[in-house]
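Asker: give me a 3D structure for the following:
(one chain, ligands or ions: 1)
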Amino acid sequence: MSRGILRVQDLYARSERRPGSSCWWWAGRAIWTIDYGRAEKRVMSAPLAVYHIAFKAPPPDGHVAYMRCMNPMCIRPECVTSGTRAQLGAAIAASGRLVGAVPREKKLASLRKARVAAGIVDTPHEIVEALLKAPADETHQAAADRLGINMKTAWYIRTGRRRADVAIGVSA
Ligand SMILES: [Zn+2]
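Answerer: Numbering: from 1, shown residues only. The predicted structure is shown next:
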């Protein structure tokens, strides 16, 4: 991944087609590509990277990139979209509903997959670092707002209740 994945045809070349699916299947996770918002290359979650590659622009302010197909292995540009966190939540809930009457454990696993497909990834290392260096008199809410994460995540990390490498709902 030294040169990154920069073009739609690169996404196609790195992925495979599977019977019965229009998705482009890829076994990797993060992608090194151009962040058109910052005009520099960086590592991004696959959905966000696919968004940048497809639209040559970052998602609109307040939006997160996610795969409509909810396939955690998909990097097909036609599957990527963006929406508010509320829209993303609704999409995840809808994909959970599709699972219907399957056992709870399976349903939870499916929701976890949907979260991954939606670009919800582990809290980035630099955010964890910044949180741990936050002034002691900064409230969890203020630190969370400053770093663009939710308050509960900030609280978990600052109080050491959860390891930084556990997925806790931050979109990279
Ligand atoms: Zn797809």
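Asker: going forward, measure contacts between C-alpha atoms and count neighbours the same way
Answerer: OK.
Asker: for the ion, what's its nearest residue on this protein.
Answerer: Of all residues in the chain, residue 23 sits closest to the ion, at 3.8 Å by CA to the ion.
Asker: that residue and residue 80 touch, don't they?
Answerer: No. In this structure residue 23 lies outside contact range of residue 80 using CA atoms under 8 Å: 10.4 Å.
Asker: those two: who's more crowded?
Answerer: Each of residue 23 and residue 80 has its neighbours counted (other CA atoms under 10 Å); residue 80 has more, 25 against 21.
Asker: mind checking how far that one is from residue 72?
Answerer: With distances taken as CA to CA, to the nearest Å, residue 80 is found 12 Å from residue 72.
Asker: repeat for residue 149
Answerer: Counting by CA to CA, the gap from residue 149 to residue 72 is 22 Å.
Asker: ditto for residue 4
Answerer: With CA to CA as the criterion, residue 4 and residue 72 are 20 Å apart.
Asker: do the same with residue 6
Answerer: Distance, residue 6 to residue 72, by CA to CA: 20 Å.
Asker: which one of the two has more residues nearby?
Answerer: Taking other CA under 10 Å, residue 6 and residue 72 do not tie; residue 72 has more neighbours (24 against 19).
Asker: sec struct for the more buried one, please.
Answerer: Assigned with DSSP: H, G, I helix; E, B strand; the rest coil, residue 72 falls in the coil class.
Asker: that one: what's it in contact with?
Answerer: For residue 72, the contacting residues are 113-114, 116-118, by CA atoms under 8 Å, 6 or more residues apart in numbering.
Asker: looking at the residues you listed, which has the most residues close by?
Answerer: Within those, most neighbours by other CA under 10 Å means residue 118, with 30 neighbours.
Asker: I'd like to know how many residues surround the closest residue to residue 16 other than its chain neighbours.
Answerer: Setting aside the residues directly before and after it, residue 16 is nearest to residue 25 in space (CA to CA, 6 or more residues apart in numbering), at 5.1 Å. Applying other CA under 10 Å, we find 20 residues neighbouring residue 25.
Asker: which bits of the protein sit near the ion?
Answerer: Counting by CA under 5 Å from the ion, the chain comes close to the ion at 23, 69, 74, 79.
Asker: can you lay out those residues as a markdown table showing secondary structure?
Answerer: What follows is the residues of the chain next to the ion, written out as a markdown table (three-state DSSP):
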| residue | secondary structure |
| --- | --- |
| 23 | coil |
| 69 | coil |
| 74 | strand |
| 79 | helix |
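Asker: of the residues you listed, which is the most crowded?
Answerer: Busiest of those [other CA under 10 Å] is residue 74, holding 26 neighbours.
Asker: contacts only, for that residue.
Answerer: Applying CA under 8 Å, 6+ apart, the residues contacting residue 74 are 23-26, 67, 117.
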